[in-house]
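> Fold the following and give me the result.
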Amino acid sequence: MNDSSKKDDLDQLDKKIEEFKSKKEENRPKRLKVQNDGWRMVIELVTGMVLGVSLGIALDYIVGSEPIFLIIFSLLGFMAGVKTMVATAKKMNETNN
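The predicted model follows:
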């Protein structure tokens with residue numbers, strides 16, 4: 001083999017390595033984005049629940065009633081969290097398509 005064929009082979013190998021690296025880097029942010037989107041949806045649901053429970057406890061304390069407001073606002077917080085989570089999922093689906 002002469003020097004020019006070795007150089008051509010090395011150039012082709014370098015190109016293949018660069019293509020592989022670029023493909024690997026392209027896939028990495030997508031995976032991280034999916035993980036971040038999942039955590040965002042979980043946080044939205046938990047935030048709704050925490051706000052509902054805290055408002056229910058506060059109203060029960062102020063009014064001095066049984067835990068009726070806790071039950072009502074827990075359910076409302078859960079529904080609000082699910083509604084926000086579904087809206088976020090729809091928005092993500094639109095941006096991905």
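
> For this protein, give me the ranges with low pLDDT.
Low-confidence segments of the chain, defined by pLDDT under 70: 1-3, 24-32, 97.

> how does it look with 80?
Along the chain, the parts satisfying pLDDT under 80 run over 1-7, 9, 21-35, 95-97.

> need the contact list for the residue positioned nearest the centre of the chain.
Closest residue to the average C-alpha location of the chain: Asp37 at 1.2 Å, with Cα atoms, centre = their mean. Asp37 is in contact with 88, 92, counting by Cβ atoms under 8 Å, 6 or more residues apart in numbering. To be clear about C-beta, it is placed using only N, CA and C from the backbone, and glycine gets the same treatment.

> And it, how close does it get to Glu94?
For Asp37, the distance to Glu94 equals 13 Å [Cβ to Cβ, to the nearest Å].

> how about the helices in the chain?
3-63, 68-96 (DSSP state H).

> Burial-wise, tell me which of those helices comes out on top.
helix 68-96 (a mean of 14; mean count of other Cβ atoms under 10 Å).

> That one versus helix 3-63: what angle between them?
With axes from the mean of the first three to the mean of the last three Cα atoms, to 10 degrees applied, the angle from helix 68-96 to helix 3-63 works out at 160 degrees.
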